[in-house]
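Trainee: Quick one: sequence and predicted model below, then my questions.
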Amino acid sequence: HHLNDRWQGHLRGSEDSWAIQDEDLDYRKHTDNFGKGPKGHSPWTGVSQFLQTSQKIIQFASGKEPQPGDTIIYVAGAFDLFHIGHVDFLEKVHQLAERPYIIAGLHFDQEVNRYKGKNYPIMNIHERTLSVLACRYVSEVVIGAPYAVTADLLDHFKVTLVCHGMTEVVPDKDGSDPYEEPKRRGIFQLVDSGSNLTTDLIVQRIIKNRLEFEARNQKKEAKELAVLEAMKRLEEEKH
């Protein structure tokens with residue numbers, strides 16, 4: 001239900017951010033029905049009311065620093081609508097070393113929208129930060145990590161391994177591979193989470209459930225109106 005509310009809220013965002021493609025027409029056609037009140041006006045603004053504070057981050061952060069002998073592993077992505085697929089991936093990454101120290105790089109909202117399109121990300125950078133920090137396998141989060149995993153980033157954090165899941169890697173703005181540097185260093189590894197759950201799949205399920213809910217309500221309403229009409233006719237016949 002919370003997820004549904006979150007999705008509804010963000011669906012009311014700017015129409016300009018939608019990538020209008022043939023396969024999206026059905027998907028897009030129904031989004032205007034989301035979050036509408038009984039008078040057809042949406043109670044949602046499309047702007048998250050979430051307020052980030054440093055105290056909130058401190059409460060969620062592990063506070064652990066890497067120790068000598070730790071394997072520093074870097075993973076990057078949107079981590080949007082943080083779900084069991086993400087947890088499975090991070091758990092698999094965590095199992096790659098005896099003493100793993102996982103750093104998750106989170107891309108800024110604008111960057112996620114560049115490679116995901118539509119109204120992604122559903123959750124903003126602050127919400128995604130706290131979601132990932134709350135995961136027991138993650139030790140540190142880079143808020144607004146660069147899309148390309150640069151030499152500077154690898155050297156700064158003394159990264160010994162870079163991992164990515166089985167999802168597609170969209171090229172950077174200049175068409176280059178964002179994992180070019182870790183691959184050149186021989187420290188890149190693909191990790192299969194074993195889960196087929198994705199953020200896209202969750203969103204599709206929410207839309208499907210919402211449409212089914214609306215269809216059931218419309219049928220129910222039609223039946224109720226028919227009963228009311230029949231009762232009205234009976235009353236009129238009596239008089």
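Mentor: That came in fine, so what should we check first? Residues are numbered from 1 along each chain as shown.
Trainee: Heading C-terminal from the lowest-mean-pLDDT helix or strand in the chain, find the next helix or strand.
Mentor: Across the helices and strands of the chain, mean confidence by mean pLDDT, DSSP states H and E is lowest for helix 25-29: a mean of 42. Using DSSP states H and E, the next helix or strand after helix 25-29 towards the C-terminus is helix 54-60.
Trainee: May I have that following helix exported as PDB, CA atoms only?
Mentor: Extracted C-alpha coordinates of helix 54-60, given in PDB (Å, rounded to 0.1, in the frame of the first residue of the first chain):
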ATOM      1  CA  SER A  54      22.300  14.800   8.800                       C
ATOM      2  CA  GLN A  55      20.900  13.300  12.000                       C
ATOM      3  CA  LYS A  56      18.700  10.900   9.900                       C
ATOM      4  CA  ILE A  57      21.800   9.700   7.900                       C
ATOM      5  CA  ILE A  58      23.800   9.200  11.200                       C
ATOM      6  CA  GLN A  59      20.900   7.100  12.600                       C
ATOM      7  CA  PHE A  60      21.000   4.800   9.500                       C
END
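Trainee: chain center to the next helix or strand after it: distance?
Mentor: Later in the chain than helix 54-60, the nearest helix or strand by DSSP H and E is strand 71-77. In terms of C-alpha atoms, centre = their mean, to the nearest Å, the centre of strand 71-77 is found 19 Å from the chain centre.
Trainee: buried residues in strand 71-77?
Mentor: Buried residues in strand 71-77, counted by 16 or more other C-beta atoms under 10 Å: I72, I73, Y74, V75, A76, G77. Using the backbone N, CA and C atoms, a C-beta is placed for each residue, glycine as well.
Trainee: which among those gets closest to E180?
Mentor: A76 (13.3 Å; C-beta to C-beta).
Trainee: Where does the residue nearest to that closest one when sequence neighbours are not counted sit, in terms of helix or strand?
Mentor: If the residues on either side of it in the chain are set aside, A76 comes closest to G105, at 3.7 Å by C-beta to C-beta, 6 or more residues apart in numbering. Take DSSP H and E as the rule and G105 turns out to sit in strand 100-106.
Trainee: Tell me the strands beside that strand, with direction?
Mentor: According to DSSP bridges, strand 100-106 has the following sheet partners: strand 71-77 (parallel), strand 138-143 (parallel).
Trainee: and it, what's its mean pLDDT?
Mentor: Averaged over strand 100-106, pLDDT sits at 97.
Trainee: same check, this time on stretch 54-70
Mentor: The average pLDDT for stretch 54-70 rounds to 88.
Trainee: One more: stretch 76-88?
Mentor: On average, stretch 76-88 scores 95.
Trainee: Give me the contacts around stretch 93-103.
Mentor: 64, 66-67, 69-75, 90, 137-142, 157, 159, 161, 163, 189, 191 (C-beta atoms under 8 Å, 6 or more residues apart in numbering).
Trainee: shaky segments in this protein?
Mentor: Along the chain, the parts satisfying pLDDT under 70 run over 1-50, 239.
Trainee: elements contacting the lengthiest helix in the chain?
Mentor: Using DSSP state H, we find that the single longest helix of the chain is helix 199-238. If you count contacts as 3 or more C-beta pairs under 8 Å, 6 or more residues apart in numbering; DSSP states H and E, helix 199-238 packs onto helix 2-11.
Trainee: Recalculate using a threshold of 10 Å.
Mentor: Contact analysis of helix 199-238 by 3 or more C-beta pairs under 10 Å, 6 or more residues apart in numbering; DSSP states H and E lists helix 2-11, helix 25-29, helix 84-94 as its packing neighbours.
Trainee: residue contacts, H83?
Mentor: When contacts are counted by C-beta atoms under 10 Å, 6 or more residues apart in numbering, H83 touches L3, S131, S195, L197, T198, T199, L201, I202.
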